[in-house]
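S.K.: quick one, what's the 3D model for this:
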Amino acid sequence: MLVAGFPAEAFGTNCFVVAPAPGEQCVVIDPGIGVADRLDAVLAEHRLQPVAVLLTHGHLDHTFSVTPVCKARGITAYIHPDDGEMLADPAKGLSTDLTALFGGRLVWSEPDDVAPLDDGLVLKLAGLELTVDHAPGHTRGSVMFRTGSQAAAGEHLCFSGDVLFRDSIGRTDLPGGSMTQMLASLRDKVLTLPDETVVLPGHGEQTTIGRERARNPFLREAQQAPRKGW
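M.R.: Next up, the predicted model:
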């Protein structure tokens with residue numbers, strides 16, 4: 001499997017390109033702000049052809065370039081329905097300070113073709129199989145993408161978006177966020193993964209489930225999270 005990742009120009013959002021091998025079709029995960037040129041260079045370097053854009057959630061720093069990437073190639077954008085409104089209107093996911101930052105300067109259009117992501121869905125795209133895990137908490141429609149049981153040794157990956165970071169988690173104080181839901185997602189969707197799973201987060205360095213299980217204070221808290229109160 002080929003995985004190429006790089007940070008966007010703003011907010012350090014990681015954009016990933018995933019393919020079975022060089023010279024194949026691929027998917028693009030979370031094309032953020034100002035990624036177009038770097039994305040084109042990565043695609044050219046590895047001779048890749050995108051067939052879809054996958055979005056871990058609807059925040060603007062993860063979706064900013066989705067429409068130009070999709071329209072340039074006539075491909076589909078995938079997002080969980082609970083975050084679909086942010087793909088139509090990104091301001092619905094912004095904090096007050098970020099709304100003020102962008103002000104009226106944001107020119108936005110939704111992709112022409114948008115498909116839903118549901119919990120447990122197995123996406124079969126570009127010769128890949130990626131399982132969707134709905135993991136609300138950062139946003140109502142946050143998801144993770146992971147390689148399934150058919151992955152080869154060393155290829156158990158989890159693209160965690162802003163659910164899980166190295167030593168931390170995504171913030172829960174933005175519109176649609178919930179610490180109660182986040183802890184339940186960490187307990188039910190993250191802590192159930194094998195320790196050897198490599199986590200490729202929406203921001204920052206990669207890590208493993210085993211490392212986070214041992215060191216991440218939020219995962220320790222999640223182990224005690226009640227199963228009621230969602």
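
S.K.: what sits closest to residue 179 if chain neighbours are left out?
M.R.: With C-beta to C-beta, 6 or more residues apart in numbering as the measure, residue 172 is the residue that lies nearest to residue 179, at 4.5 Å, once sequence neighbours are left out. Bear in mind the C-beta positions are built from the backbone N, C-alpha and C, glycine included.

S.K.: using the three-state scheme, assign the one you found.
M.R.: coil (DSSP: H, G, I helix; E, B strand; the rest coil).

S.K.: for it, phi and psi?
M.R.: Residue 172 adopts backbone torsions of phi -120, psi 10, taken as degrees, to the nearest 10.

S.K.: report the contact partners of it.
M.R.: 137, 138, 178, 179, 181, 182 (C-beta atoms under 8 Å, 6 or more residues apart in numbering).

S.K.: what secondary structure does the residue nearest to residue 10 when sequence neighbours are not counted sit in?
M.R.: In space, and not counting its chain neighbours, residue 10 is closest to residue 33: 4.0 Å by C-beta to C-beta, 6+ apart. Judged by three-state DSSP, the three-state class of residue 33 is coil.

S.K.: burial check on residue 33, number of neighbours?
M.R.: The number of residues packed near residue 33 is 17, by other C-beta atoms under 10 Å.

S.K.: dump the residue contacts of it.
M.R.: 8, 9, 10, 11, 13, 60, 61, 64, 65.

S.K.: still on that earlier bit, any chance of the contacts of residue 172 in a markdown table, plus secondary structure, neighbour count and pLDDT?
M.R.: A markdown table is the format used below for the contacts of residue 172 (DSSP: H, G, I helix; E, B strand; the rest coil; neighbours: other C-beta atoms under 10 Å; pLDDT from 0 to 100):
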| residue | secondary structure | neighbour count | pLDDT |
| --- | --- | --- | --- |
| 137 | coil | 25 | 97 |
| 138 | coil | 28 | 97 |
| 178 | coil | 17 | 96 |
| 179 | helix | 15 | 96 |
| 181 | helix | 21 | 96 |
| 182 | helix | 27 | 97 |
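
S.K.: point out where this protein drops to low pLDDT.
M.R.: For the chain, residues meeting the criterion pLDDT under 70 lie at 95-107, 149-154, 225-230.
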